[in-house]
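>>> need a structure here:
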Amino acid sequence: MLDVIQQKARKYVIKILSLPFLSKKTIFLADFVFVAAIFTISTFVCYNLAGKEVIIKVFITELILCMLLNGTFFYVFSTHKGILRYSSFRDSIRIFYALLCSNIILFLFNLYNYGYLPVILVTIFINFFIGFTTIVFNRMLIRLFFDYVRTIKINRKRAPVLIFGTESTHISLARMIRDNEYLPYEVGGFISSDSRKTNQKIMNYPIYSKAEFLTHPTLFREINALLIVPEELSHDEKHLLVEKCIEYKIELLSSPSLDDWRTNRKQVYKIDKIHIEDLLGRGQITIDTDIIGRDLKDKTILITGAAGSIGSEIVRQLCNFDIKMLLLCDMAETPLHQLSLELTDCYPAVETQLLIADVRDYEKMKLIFEKYRPQFVYHAAAYKHVPLMESQPSEAILANVLGTKNVADLAVACDSECFIMISTDKAVNPSSVMGASKRIAEIYIQCLVHQQNKKTKGLHTRFITTRFGNVLGSNGSVIPRFAKQIETGGPITVTDPEIIRYFMTIPEACILVLEASILGKGGEIFVFDMGESVKIKDLAESMILLSGLEPYKDIDIVFTGLRPGEKLFEEVGYGEEEKLPTSHEKIMISKHTDCDYKKVLPLISRLIEMSASDDYMEIVKLMKKIVPEFISLNSEYSVLDRKKLKNV
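Now for the predicted structure:
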C-alpha cells in the first residue's frame, strides 16, 4: 500500500516539476492585470476613508495612465523575462524599480493637474506598496512551492553530503545539488571555520563547526561524503580533511572553483571524487618565472612528444610566456589534434605549429630543424612502459636511443641554444630494457657535451638532462588504472606488497624541467627532489578509502608478482654520484662519472644498427656492455648476467 502511495506521489511530483514555463507574454499580462486591480482597489478604499467621491472620468484617465506607465517600465526593466519558479532577489529589485518609476511619474502628473492633495499621495503610496508586495509575494510563493516539491524525497536514494564552507560558492553548490535530481547526493549541511556560525542554518541546512567535524565523528554517522573546493584550501587543510575522511570512512568529493564556473558553465555539474594527487602532492613549488620568461622571450621552441602527458604539460606551461612560436611534434595524430584544440581555446594568442613526425626519422626531423631553427628543444618523446619494452628491445633502442640521437645531433647542426632531455629514475642502475635504453640516451648526450667541450670555436648547444620518477596521472600510470578498477568494483592489482615508487604531479615535474633548462650551463644531469617514496599497496588502500569503501572488504587488492624488468624500488641517483645543490631547493645536480667516449660511441652506433634485427638477446647483450650496471630482473635476459658472472 505504501509503495503504491509513493509511486502515485512521485508521479504527481514529476508532473509538477515538468510543467511548462509560463511565457513572457503571460507573465507580462498577469502583472499588468495585477497593477490595474490594485490601483482600482487603492483608489476606492482611500477616497472612501477620506470621505471623498471618486470622479469616474478622472479615475479612468489615471487608470489608463497607470497601466501605460507600469507596462512601459515593466518592459524597460524586463520584469517579465524571469522564470517564476526560479525567481531571485534581482527579479524583486527590477520590479521595485519599475513600480517606483511609474508611481513617481503618476504622482507628478496628479501634482501638475490637481495640485497637492494628501489623498492622492496616500493612494499612490498604497498602490506602490501593495503592488510591489503582491507581485513579489506571488513570485516567491511559486518559487517556494517548486523548491518544496523538489525536496520531497520519494523513493530516491541520495547520499547526504556536507559542504565545506559557507561562502557564496558553497551556497551555489548547495542549490545546484538540491535542484539537480540526477546527482546521487543531497545536502546534509555546511561546515564553517567560523565558530560564530554554528547552530545557525543556511537554506534550512544546519551549519557545523570545523572543530566539531575534526573531533566528534559521532555527529556525522549519517553523512556519506564531504564536498570541498580544493583551490580554496591550503595543502595542509586538504591533508587534514583527507585523513579525517579516511578515518570516518567518508567519501571526499571535489568541485570546480568559482573561476572555473565563470569560464565554463558546464563545470557546475562536475562533482567528482577527490584526486589522490591531493594526498600525495607536496606544497606549492615556487620558481622565478620572470627569469624563465626573459630567457624564453621571442624564442622558437620545439617539443617532441608534445601530445604525451609530460610533453603536453610543458606546452601548456610554455604558453604562459612570451614565446615566438611553439613547434608541437608528435606521431600521434589524434592526441596532437586534441591538444591543438585546447590551445586554441585557452591560449589563442600563442602561435603554434603542429608537426606530425617521428623522431626516429632523421630526414623528416632535419627538414623541421632547417625550416624553423628552434632555439630551445624539449625532448620528451620516448617509449616508457617497462614490460612492453622488455619484450621488444629493438623498439626501445629505436625510439629512446636513435630518436634522442637524431634530435640532439640536429640541435647541434642547427645551432640550437639548449637541448633538454626528459629522462627517468629507471635509468639509474637499470633493471629493464626501457631503463637501460634511457641510460644509453643519457650517455650519448654526455658524449656530445664532451665533444663540444673539446672545441674552441663555434656555437655550443647547452645539453641538459632532467631525471625524475613516476608522475601522477600520466597516460598508462598506476593512478588512473587503480581508479578504473575501483569504479568497476575491483579488484585492484598490485605487483608486490613491498613495491615502492617516487611520485610527482605532472605540473610539478614540468615546471622543474623549465627551471632546470634555465639553470643549466650545459652537461648537467638534474635530479629532482621526489619527496618521500610511497608504497604502492598503501596507495591502493588510500584510494579505496577515499572512495568511501573498505580495502579487502568492498574492494580487494590482488598481488600479481613483479613484471619483467621491474624492481621493488627506484633510485634517482647512483650511489657513487655526488649530488650538488642548485639555487632551487628541489633541483640537484648529479655529478656523474665520465666514461670512455671513444669506446662508447661506436658501441651505440652498432646497437642502433642491430635494432633493425629481431635478435633481442644480442641487442640486450650489447646494451649490458654499454651500461655495465644493467642487471635484468624478472626477465629472460637475466641469463646474460649469469653468463657474465661466470666469465669474471
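
>>> for the stretch 401-550 of the chain, which spans come out with low pLDDT?
455-459, 472-476, 530-531 (pLDDT under 70).

>>> quick one: the strands in it?
Along the stretch 401-550 of the chain, the stretches classed as strands by DSSP state E, counting those that start in this stretch are 418-424, 462-468, 470-472, 492-494, 500-501, 503-505, 525-528, 534-535.

>>> could you export those as CSV, including distance to Ile126?
Heads up, the C-betas are built off the backbone N, CA and C, glycines and all. Converted to CSV, the strands of the stretch 401-550 of the chain look like this (distance: least, CB to CB, whole Å):
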stretch, distance to Ile126
strand 418-424, 77
strand 462-468, 76
strand 470-472, 67
strand 492-494, 72
strand 500-501, 76
strand 503-505, 65
strand 525-528, 75
strand 534-535, 73
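
>>> could you pull up phi and psi at the closest residue to Arg462 other than its chain neighbours?
Excluding its sequence neighbours, the residue lying closest to Arg462 (CB to CB, 6 or more residues apart in numbering) is Gly522, at 3.9 Å. Note on Gly522: backbone dihedrals following degrees, to the nearest 10 are phi 120, psi 130.

>>> renumber starting at 24 from here on
Right, with 24 as the first residue, what we last looked at is Gly545.

>>> just checking, Gly545 touches His483?
Yes: using CB atoms under 8 Å, Gly545 is in contact with His483, at 6.6 Å.

>>> and the residue nearest to Arg485, how far from Glu465?
With the distance defined as CB to CB, to the nearest Å, Gly545 ends up 14 Å from Glu465.

>>> cool, and Ile445?
As for Ile445, its distance to Glu465 is 11 Å (criterion: CB to CB).

>>> higher neighbour count, the two?
Ile445 (25 against 22; other CB atoms under 10 Å).

>>> so what's the more buried one up against?
328, 333, 401-403, 405, 489, 536 (CB atoms under 8 Å, 6 or more residues apart in numbering).

>>> burial measure for Leu249, as a count.
Neighbourhood size, Leu249 [other CB under 10 Å]: 25.

>>> which element is it on?
strand 248-251 (DSSP states H and E).

>>> before we move on, what about Val400?
Per DSSP H and E, Val400 falls inside strand 399-402.

>>> can you read off the pLDDT for the spatially closest residue to Tyr660 that is not a sequence neighbour?
Of all residues not flanking Tyr660 in the chain, Val643 sits nearest, at 4.6 Å (CB to CB, 6+ apart). Val643 is assigned a predicted lDDT (pLDDT) of 92.

>>> report the residue spans of the stretch 224-373 of the chain with pLDDT below the cut-off.
Filtered on pLDDT under 70, the stretch 224-373 of the chain yields the residue ranges 239-245, 254, 258, 279-311.

>>> now the helices: where do they sit in it?
Secondary structure of the stretch 224-373 of the chain by DSSP state H, counting those that start in this stretch: the helices cover 233-238, 258-271, 281-286, 300-303, 312-319, 332-341, 356-369.

>>> please enumerate residues in contact with the fifth one?
Residues from elsewhere that reach helix 312-319 (CB under 8 Å, 6+ apart): 341, 343-346, 399, 537-538, 541.

>>> how about a cut-off of 10 Å?
The contact list for helix 312-319, computed with CB atoms under 10 Å, 6 or more residues apart in numbering, reads 311, 340-341, 343-347, 398-399, 440-441, 534, 537-538, 540-542, 606.

>>> adding neighbour count and distance to Ile158, write the contacts of Ile445 out as TSV.
Formatted as TSV, these follow (neighbours: other CB atoms under 10 Å; distance: CB to CB, whole Å):
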residue	neighbour count	distance to Ile158
Gly328	25	63
Ile333	25	60
Tyr401	29	63
His402	26	68
Ala403	25	63
Ala405	26	68
Thr489	27	66
Val536	24	62
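
>>> and the residues you listed, which is closest to Met90?
Nearest to Met90 among the contacts of Ile445: Ile333, at 68.8 Å, using CB to CB.

>>> ok, back up a step: thought the residue nearest to Tyr660 was touching Phe653?
Yes: Val643 lies in contact with Phe653 (CB atoms under 10 Å); the separation is 8.4 Å.

>>> how is this structure partitioned into domains?
Split into domains by automatic domain parsing, the chain comes to 44-174, 182-297, 312-649.

>>> picking up where we left off before, neighbours around the residue nearest to Arg485, how many?
By the criterion of other CB under 10 Å, Gly545 has 15 neighbours.

>>> quick one: it and Ser439 touch, right?
No: if you go by CB under 10 Å, Gly545 and Ser439 don't touch, sitting 12.0 Å apart.

>>> spell out which residues are contacts of both of the two.
By CB under 10 Å, 6+ apart, Gly545 and Ser439 have these common neighbours: 484-486.

>>> which among these gets closest to Phe55?
Within these, proximity to Phe55 (CB to CB) peaks at Arg485, which comes in at 76.4 Å.

>>> for the closest one, what are its contacts?
Contact analysis of Arg485 by CB under 10 Å, 6+ apart lists 399, 434, 439-443, 472, 475, 540, 543-547.

>>> now do 8 Å
Residues counted as contacts of Arg485 (CB under 8 Å, 6+ apart) are 440-442, 543-545.

>>> please apply the same query to Glu374.
Glu374 neighbours (CB under 8 Å, 6+ apart): 346-349.

>>> quick one: which of those residues is most hemmed in?
With neighbours defined as other CB under 10 Å, the most crowded of the contacts of Glu374 is Leu349; it has 24 neighbours.

>>> pull the contacting residues for that one.
Counting by CB under 8 Å, 6+ apart, Leu349 touches 324, 326, 338, 341-342, 373-376.

>>> out of these, which end up buried?
Using 16 or more other CB atoms under 10 Å as the burial test, the contacts of Leu349 include 324, 326, 338, 341-342, 373, 375 as buried.

>>> format those as a markdown table; extra columns: distance to Leu91.
As requested, those are exported to a markdown table (distance: CB to CB, whole Å):
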| residue | distance to Leu91 |
| --- | --- |
| Ile324 | 66 |
| Ile326 | 67 |
| Val338 | 61 |
| Leu341 | 62 |
| Cys342 | 57 |
| Val373 | 56 |
| Thr375 | 59 |
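
>>> those residues in strands, which ones?
Applying DSSP state E to these, the entries found in strands are 324, 326, 375.

>>> may I see those arranged in CSV, with distance to Leu411 as well?
Formatted as CSV, these follow (distance: CB to CB, whole Å):
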residue, distance to Leu411
Ile324, 30
Ile326, 23
Thr375, 30
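
>>> columns distance to Cys89 on top of the contacts of Glu374, output as JSON lines?
Conversion of these to JSON lines gives the following (distance: CB to CB, whole Å):
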{"residue": "Ile346", "distance to Cys89": "64"}
{"residue": "Lys347", "distance to Cys89": "67"}
{"residue": "Met348", "distance to Cys89": "66"}
{"residue": "Leu349", "distance to Cys89": "65"}
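
>>> farthest-separated two in these?
Distance extremes for the contacts of Glu374: the farthest pair is Lys347 and Leu349 at 8.7 Å, using CB to CB.

>>> give me the longest helix you can find in the protein.
Looking across the chain with DSSP state H, the single longest helix is helix 141-174.

>>> ok now it, how far from the chain's centre?
44 Å (CA atoms, centre = their mean, to the nearest Å).
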